[in-house]
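Participant: Kindly return the folded structure for what I paste below:
(one chain, ligands or ions: 1)
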Amino acid sequence: MTRVTELDTPAVTVRLDIVERNIRRVHDHLARLGIANRPHVKTHKIPALGRMQMAAGAVGITCQKLGEVEVFTDAGVADDVLLTFNVIGRAKVERLVALTRRLRRLAVVFDNDVVARAISEGARAGGVEVPFLVECDTGFGRNGVQTPEAALELARTAMRLPGLRFEGLMTFPNREPGTRAFLERALELFKRDGTAVPVVSGGGTPAIFTAQSIPQLTEHRAGTYIYNDRMVVASGTATWDDCAMRVRCTVVSRPTADRAILDAGSKVFTSDLYTVTGYGHVLEYPEATVVTLSEEHGVVELSACRARPQIGDVVEVVPNHCCVVSNMVDEVYGVRDGTVEAVWPVAARGEVR
Ligand SMILES: Cc1ncc(COP(=O)(O)O)c(C=O)c1O
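Facilitator: Below is the predicted model of the structure:
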C-alpha cells in the first residue's frame, strides 16, 4: 500500500474519513428536515463518490452538463438524475433524448421557451417524455426567470408542448435573501392556477444548514460539501477539519526569507477567487498566504509565520474552490490514516458539453 508521503507532487488528495463524515452529516441534516438529498456530482466527477452519496440515502444525483450525465449513467451510479443547465442545440437534444431512454428519470431545468420548444421537438420525435423544472432567479443574478409570474407563464407554455411534463421549480443558491418570498409567491400563483408543484429544488453548500428557513423546499442539491474548501470555510458552513481535499505540494524554492514557491499554480488550483482573497490555505502554516499563482508556481508569503518550510518540504493546501480543482487533474487519491486507499480517475473531467 502506498503511503501518502510517497505520492509525487502536486497530488490532489482527499481524506476519506472526512468525505464519509461530510456525506453523512449533510444527508442526516436534510433527512431530519424531510428534504430529499440530491448531491451535485460536478464537484468530484468521480462515480465511486456518487455511489457513496447514493448509498447514504440520496434520492438521485444532480449534473451540470450532459457529459456528466453520460459518464455517471455509463457507471450506473443513479437512475434518477436532474440536469441543471439549459440544453441548447440539436446535438445536445439528441443526447438528452438518448439518455432519457437509459434512466428511470432524467429531469431538466430551463428558464426560457426556446429551450422548452427544442426539447419538446426532440422528445416528440424520439417518443419520450422529459420532466422539467422551471429555473427561477431568486437573487443570484444568473439563469432563471425573473419573477414568480414569469415562472408560471413559462411553465404553462411548456406544459402545452408535447413531450414535456412539468414537475416544479428550481433555484440556486437558496441562501439569497429573496428566495423564500419568491417561492411563496410562485407557489401561491401555481395553486391559484390549479397546477401542482411536486418539486421545489434548492441548492448550494452554504445554504444546507439554513435550508429549514425555506419551508417550500422539497429537495436540496449540494456539491461542494463532500470535500469543502476555503470558500465554504469563509461562509461559516465548515471548518478546516471538514475540508477533505488537500493538494500536496512541494516547496521548490525559498528565494527570500519571507517567500516560498510551491510546485502547483493555476494549472492545479485555477485562478478562482470567487469570494476570498489569496489562493489557498496551507494547513501546516496557517499564517501563510498564497498570494499569487503562475501556471506552475504558487507564491507563498511567509512574513506572518513563526515556523517556515524548507526547500523539499511537502505541504497540504486547501484550495479556494474544490470543484474546479477536480477538473484540473487526471486522478484523485483517497487517503485514510496516511495510506492511499483509492486512486480514482476523474471520470467526468473535462465534460463541459
Ligand atoms: C445549479 C446548481 N445547483 C447546485 C450547486 C451546488 O452548489 P455547491 O457546490 O455550493 O454545493 C451548484 C453549484 O455550482 C449549481 O450551479
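Participant: Quickly run through the sheet partners of the biggest strand by length in the chain, with directions.
Facilitator: Longest strand in the chain, counting residues (DSSP state E): strand 245-256. Strand 245-256 has the following sheet partners, assigned by DSSP bridges: strand 11-15 (antiparallel), strand 259-262 (antiparallel), strand 314-319 (antiparallel).
Participant: That strand near the ligand anywhere?
Facilitator: No - interface with the ligand: strand 245-256 contributes nothing (CB under 6 Å from any ligand atom), its closest point being 12.6 Å away. To be clear about C-beta, it is placed using only N, CA and C from the backbone, and glycine gets the same treatment.
Participant: For that strand, could you pull out the residues that count as buried?
Facilitator: Under the neighbour-count criterion of 16 or more other CB atoms under 10 Å, strand 245-256 has 245-252, 254 buried.
Participant: and it, how far from the chain's centre?
Facilitator: 27 Å (CA atoms, centre = their mean, to the nearest Å).
Participant: next one: stretch 285-296
Facilitator: Here the centre of stretch 285-296 is set off from its chain's centre by 24 Å, with CA atoms, centre = their mean.
Participant: tell me the mean pLDDT for it?
Facilitator: Averaging pLDDT along stretch 285-296 yields 98.
Participant: One more: stretch 221-231?
Facilitator: Stretch 221-231 comes out at a mean pLDDT of 98.
Participant: Is any residue of that stretch near the ligand?
Facilitator: Yes - legend: contact between stretch 221-231 and the ligand by CB under 6 Å from any ligand atom is shown at 221-225.
Participant: contact partners of stretch 149-160?
Facilitator: Under the contact criterion CB atoms under 8 Å, 6 or more residues apart in numbering, stretch 149-160 has outside partners 110-113, 116, 120, 132, 134, 136, 145, 164-166, 169, 186, 189-190, 193, 195.
Participant: and the ligand, which of the residues you listed reach it?
Facilitator: Okay, of the contacts of stretch 149-160, nothing touches the ligand (CB under 6 Å from any ligand atom).
Participant: Just the ones of the residues you listed in strands?
Facilitator: Those of the contacts of stretch 149-160 lying in strands (DSSP E): 110, 132, 134, 136, 164-166, 169.
Participant: Which single one of these is nearest to Thr84?
Facilitator: Ranked by distance to Thr84 (CB to CB), the ones in strands among the contacts of stretch 149-160 are led by Phe110 at 10.0 Å.
Participant: Just the pLDDT for the nearest residue to Gly89 once chain neighbours are set aside.
Facilitator: The shortest distance from Gly89 to any non-neighbouring residue, by CB to CB, 6 or more residues apart in numbering, is to Ala118 (7.7 Å). If you check Ala118, the pLDDT there is 98.
Participant: Just the buried positions in the helix or strand that contains Ala118, please.
Facilitator: For Ala118, the enclosing helix or strand under DSSP states H and E is helix 113-126. Residues of helix 113-126 classed as buried by neighbour count (16+ other CB under 10 Å): 115-116, 118-120, 122-124, 126.
Participant: Contact residues of this structure facing the ligand?
Facilitator: Proximity of the chain to the ligand (CB under 6 Å from any ligand atom) is limited to residues 40, 43, 84, 172, 203-205, 221-225, 323.
Participant: Helices of the protein, start to end?
Facilitator: Using DSSP state H, the helices of the chain run over residues 16-33, 47-55, 66-74, 90-102, 113-126, 148-159, 179-193, 230-234, 266-269, 322-326.
Participant: most tightly surrounded among those helices?
Facilitator: Comparing these by mean neighbour count (mean count of other CB atoms under 10 Å), helix 322-326 comes out on top with a mean of 23.
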